[in-house]
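**Student:** the following comprises the amino acid sequence and a computationally predicted model.
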Amino acid sequence: MFTTFSIISHHTKSKYINLLRTIISSKQINIDIEMKKLNDRKEFVKALDLFDKHKQQTILTDRIIVQAFKACTQLGYLERGQIIHKNLSDSSLNNSYIQTSLINFYMQCGRVNDAQRVFDSSVKRTSIHYGSMMKGFIKNNMADKAIELFSKITHPDEIQLCLLFNSCAQLRTKQAFDFGKKVWSEMSSIHHKNEYILTSTFDMFVKCGDLEKAKNVFIKIKRVVMDYGQMMTCYNEHSMHMKTIDLYEKTKDEGIQANAIIFLLLIDACGQLGIESRCRSIVNQIPSRMLNDLKLQNALVHMWGKVGCVDEAKKVFEQIDQPDAVTYSSMINAYGLNGMGHDAIELYYRMPSKMINEKTYPCILNACSHAGLVHEARTIFSTIQMKNKWIYTSMIDCLSRSFLFDEAKQLIEEYERQQSPCLPMYTSLLSGARNRHDAYLARQTVHRIRELFQSADESLVPTSILFTNTLASAGELEEASQIRWNMSQLGARKQIGLSWTEVNSEIVVFRVQDRSHPRTREIYDELDRLEKELIEHGHKFDPSWITRPLIADETVESVLNSHSERLALAYNFIQRPIPSRIQIVKNLRICGDCHGAIKLISQIRGCTIIVRDANRVHHFSDGKCISISEVLRTKPIYKEFILMNQQSNLLSNGKQTKISSIKSLHSERLKLQFMCEDDKYEQDKFQQWNQFVTKDQQHDQTDILFSVCDMRTAFTYHGGNFDIVISCDNSIPHLLTDDDILITLKQMFSCLRPGGGCLITIRDYDQEQRGGKNLVKPYGKAKIENGKRYVALQVWDFDEQDDQYYDFTLYVIEEDLNSKDIQTHAMHSRYYAIKSEKLMKLMNDAGFENVVRLNEVFYQPVFIGTRPDT
């Protein structure tokens, strides 16, 4: 664009000089020459002062008037220019050079209609008239008008051709691009070799997304750093990030010095590529003088977050002297992508309020969404005054991930009372239905989508694919297959799932069931070994993630084991030495079975596995997928949350009690989890359980996995297909709202296989005294240990306004039996004294069937429910 405008300016000057009227006197020559000198030095006010000084004493030639309009144009002096225009003689008004100056002046001031009137009044239009109008249309974002005017030119010159291609690049519509390609194909061979035309054509191909033609023109032009930047932009827009990095290597070969824009494009490419080593290589080549550039620093924060290196992102963030809104939002987003919701929230509340804008809110809401922090998201959402569609979509996604579909629907209705329907909101709802295998909700959502949006819209293809996957996961494979066939008849194409990893400095890409790699046999042998190890350690391959009917010789295991991310993982494991840290990037979402399998593999093989999918970065280590800092920072919300099979024993208060109310459970997988009042107690509790179950394990030969998570994110953390979920010893009442309890129950529901069961024990709040302060409750018996006696008691303080809630204090009195010294320790918590009827209703609302309360089978009431078989 810059080159083209420079050409037309030069073109205008040369013709102007050749066609000036007869010069009248040397005095007049001095006036226009002096005005030109002032304009060239950008002293436009002085040029106009000189014009005013002599306009009454001198005959104004066209050269003087042109210089006056040029000064007005550059200063944006609309009224001044209009006065000069009004006082022009008929002779001057008919002068082609004054006419083109007027067109430029009015276009620059945004007065397109005035420029059009000048153009229409001209009798003898030159190429400069057309060029000035086209340039003005482009300036005023009316590229379609420029193309329309070009179509009336019989023999366009190089300037008009350049302006046409610039117009097509600005408009970027199919119709405009087709016209530009047609003109390009019909141009003379001379024009095809013209440097300026090639540059403008290259710009058009890049911005209209024709990668192949852009590459063909790129090799013909005399390349400068800006051209490399455009080609890199094109590669990035086509997700060809390695091409961007390879092109950078060519700039070094050609001796072209990379500027900040080039490095920004490289950082973007590295972030999208997602491979840590490539990021470090590029960052090490950035000149130190550029590292203080705020845009570049912000880009680095974003890049490190996308590749799972949060510590590096934080390091860059903390080195920025004057962070702006983008800086904070990028760091919040980095935390969110890596599941560090609490860190994101903490930073959000530290962010200066004046910097928080409409781009910040989706970042923090998405961070809450990925971490399952619904209550925190609600709190933030309620404080936002002006909510746009992306803010609503982020909140709806957060609710849908926690299966709070009614609330999500209410938000959609709220938005649509003021605004037009927004497809991403329905997509978030549909995604939640997919995670819950809820075909009924999926049908409802898709029916609404088809009512609101045109089915021919290509943006509906991902929605249709998500719908078919939901149907398939719910066992309705025939209907899913029929919808896919209908889509194929319409020419709809599903995005191919790809996973890539770097081994020995080479990036290797896999697709599902890929057998193109030279070491395919070794890869599939390794997959067989992994399959056996997974089964030995209790993994059950989940058929709900298979979205098509099996064909001959296929098994559930063989299909799931050939997903692209598992192929990439197996390829790493056949290397020697085997890497201790593996990084994989996937362009689609990781399926639930792969998530559970890779988690277990990280423990079996003793390695760290980083998988970035389309939504977030998963950190797998020691059988977990959670940020370590999150585990250390998360506040306690429950005591024990246990997933176990029927044959396992439940230990509580030193007692072993068989749970046999739920039949036909045969899983060999046992998961025990704790969230306690402090890390020391948590570690002690783990050790106690470990000692107990290790002894029991010697008899039962059961593999036991210990881990910690917030039970409101149980499904997000564990995945599904468990036989039973047990929440024991009054853990649920630590959740203080019905909404949080419902979230937890829905998460438990999702953890279960069809036909699986949920078991919950809580205090019998139906029988407990309600109301009042200083209610003293006994807590066990006195205990003597290591020369000290310990006595514990509880004190309850009910809220005066609402007797559903009480503050709980546990006093532990420690007496030294030798010195008689006494110390008292106090631990505080808060409880929701939920009644049986309310809990059972919430269990039903979460989807459980056959919900009952069992008495006298445990020292607390036991509530059980089952997930329906279908």
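**Tutor:** Cool, the structure landed. Predicted model only: the values in this text are computed from it and were never measured.
**Student:** SS state for the most centrally placed residue in the chain?
**Tutor:** Computing the C-alpha centroid of the chain and ranking residues by Cα atoms, centre = their mean puts residue 615 first, at 5.8 Å. The three-state label given to residue 615 by DSSP: H, G, I helix; E, B strand; the rest coil is coil.
**Student:** run through who's touching stretch 848-861.
**Tutor:** 652-653, 655, 657, 661, 729-730, 745, 749, 758, 761-764, 836, 840, 843-844, 862-868 (Cβ atoms under 8 Å, 6 or more residues apart in numbering). Glycine gets a C-beta too; all of them are placed from N, C-alpha and C.
**Student:** report the buried members of the residues you listed.
**Tutor:** With burial judged by 16 or more other Cβ atoms under 10 Å, the buried subset of the contacts of stretch 848-861 is 652, 729-730, 745, 749, 758, 761-763, 840, 843, 862-867.
**Student:** element containing residue 572, please.
**Tutor:** helix 564-573 (DSSP states H and E).
**Student:** can I get the CA coordinates of that helix in CSV?
**Tutor:** The C-alpha trace of helix 564-573 is given here as CSV (Å, rounded to 0.1, in the frame of the first residue of the first chain):
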residue,chain,number,x,y,z
SER,A,564,-2.9,-39.4,17.2
GLU,A,565,-1.7,-38.3,20.7
ARG,A,566,-1.0,-41.9,21.7
LEU,A,567,1.0,-42.5,18.5
ALA,A,568,3.1,-39.4,19.3
LEU,A,569,3.5,-40.7,22.9
ALA,A,570,4.6,-44.2,21.8
TYR,A,571,7.0,-42.6,19.3
ASN,A,572,8.7,-40.9,22.2
PHE,A,573,8.9,-44.1,24.2
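**Student:** and it, what other elements does it pack with?
**Tutor:** Here helix 564-573 touches strand 498-503, strand 506-511, helix 520-536, strand 581-586, helix 592-604, going by 3 or more Cβ pairs under 8 Å, 6 or more residues apart in numbering; DSSP states H and E.
**Student:** make TSV out of those and add distance to residue 155 and mean neighbour count.
**Tutor:** Formatted as TSV, the helices and strands packed on helix 564-573 follow (distance: least, Cβ to Cβ, whole Å; neighbours: other Cβ atoms under 10 Å):
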stretch	distance to residue 155	mean neighbour count
strand 498-503	49	21
strand 506-511	50	16
helix 520-536	60	16
strand 581-586	52	23
helix 592-604	62	22
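**Student:** and those as TSV, adding mean pLDDT and distance to residue 292?
**Tutor:** Listed next are the helices and strands packed on helix 564-573 as TSV, based on pLDDT from 0 to 100; distance: least, Cβ to Cβ, whole Å:
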stretch	mean pLDDT	distance to residue 292
strand 498-503	95	30
strand 506-511	94	31
helix 520-536	95	46
strand 581-586	95	29
helix 592-604	92	39
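**Student:** of these, give the one that comes closest to residue 33.
**Tutor:** When those are compared by Cβ to Cβ, strand 506-511 sits nearest residue 33, at 62.2 Å.
**Student:** returning to what we had before: I'd guessed the residue nearest to the centre of the chain sits against residue 589; true?
**Tutor:** Yes - counting by Cβ atoms under 8 Å, residue 589 is a contact partner of residue 615 at 5.7 Å.
**Student:** check which residues of the host helix or strand of residue 91 are buried.
**Tutor:** Using DSSP H and E, the element containing residue 91 is helix 90-93. Using 16+ other Cβ under 10 Å as the test for burial, helix 90-93 gives residue 92.
**Student:** again with stretch 554-570
**Tutor:** Those would be 556-570, for stretch 554-570 by 16+ other Cβ under 10 Å.
**Student:** just the terminal-to-terminal distance for that stretch.
**Tutor:** 19 Å (Cα to Cα, to the nearest Å).
**Student:** quick one: contacts of it?
**Tutor:** Counting by Cβ under 8 Å, 6+ apart, 497-501, 508, 510-514, 523-524, 526-527, 530-531, 541-543, 545-546, 550, 582, 584, 586, 590-591, 593-594, 597-598, 601, 609, 611 sit against stretch 554-570.
**Student:** rounded mean pLDDT for the helix or strand in which residue 852 is found, please.
**Tutor:** Using DSSP H and E, residue 852 maps to strand 849-854. For strand 849-854, mean pLDDT is 86.
**Student:** number the residues from 4 up from this point.
**Tutor:** Taking 4 as the first residue, the last one we looked at is strand 852-857.
**Student:** now the stretch 204-353 of the chain, which segments are flagged as low pLDDT?
**Tutor:** The model of the stretch 204-353 of the chain has no residue with pLDDT under 70.
**Student:** tell me where it has strands.
**Tutor:** Here the stretch 204-353 of the chain has no strands by DSSP state E, counting those that start in this stretch.
**Student:** roughly how far does the nearest residue to residue 377 once chain neighbours are set aside sit from residue 866?
**Tutor:** The shortest distance from residue 377 to any non-neighbouring residue, by Cβ to Cβ, 6 or more residues apart in numbering, is to residue 405 (5.0 Å). Distance, residue 405 to residue 866, by Cβ to Cβ, to the nearest Å: 21 Å.
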